[in-house]
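Chemist: how would this look folded up:
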Amino acid sequence: MFFARELIESAAYTASLKALGNPERLDDALRGAYWALSTNPEAYEISKGLKDVRVLKTAPRGGLPPYRIWFRIDENGQHVHLEDIDPIEQDEA
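Modeler: Residues are numbered from 1 along each chain as shown. Predicted coordinates:
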């Protein structure tokens, strides 16, 4: 059964996304991550030390670096709240 959750961007997420620049290429690179978050966000582990924040890491794509997307799933499981996004430095990957 397919159950898509609504993705909701926080102000911090939107600001971080804009700061990364090149929105068309970035949107293409994140399309798969957004699909994964809307269909199976529970597949991603809760970050150590953070009560209910999970993290999805993307692979490098189209000349862009990998990214880390921080998110929460609301208590009813219908919404995924995108909290922040940042590039993963090469030494962290």
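Chemist: buried sites along the longest strand along the chain?
Modeler: In the chain, with assignment by DSSP state E, the single longest strand is strand 79-87. Buried residues in strand 79-87, counting neighbours by 16 or more other Cβ atoms under 10 Å, are found at 80-85. (Each C-beta comes from the backbone N, C-alpha and C, glycine too.)
Chemist: what's in contact with stretch 12-31?
Modeler: The set of residues external to stretch 12-31 that reach it, using Cβ atoms under 8 Å, 6 or more residues apart in numbering, is 9, 58, 61-64, 67, 69, 82-87.
Chemist: can you redo the residues you listed as a markdown table with pLDDT and distance to residue 32?
Modeler: As requested, those are arranged in a markdown table below (pLDDT from 0 to 100; distance: Cβ to Cβ, whole Å):
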| residue | pLDDT | distance to residue 32 |
| --- | --- | --- |
| 9 | 96 | 17 |
| 58 | 93 | 8 |
| 61 | 83 | 8 |
| 62 | 79 | 12 |
| 63 | 83 | 16 |
| 64 | 85 | 13 |
| 67 | 95 | 11 |
| 69 | 97 | 11 |
| 82 | 98 | 15 |
| 83 | 97 | 19 |
| 84 | 97 | 19 |
| 85 | 96 | 14 |
| 86 | 95 | 18 |
| 87 | 93 | 17 |
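Chemist: biggest separation within those, which pair?
Modeler: Among these, the pair separated by the greatest distance (Cβ to Cβ) is 63 and 83, at 25.9 Å.
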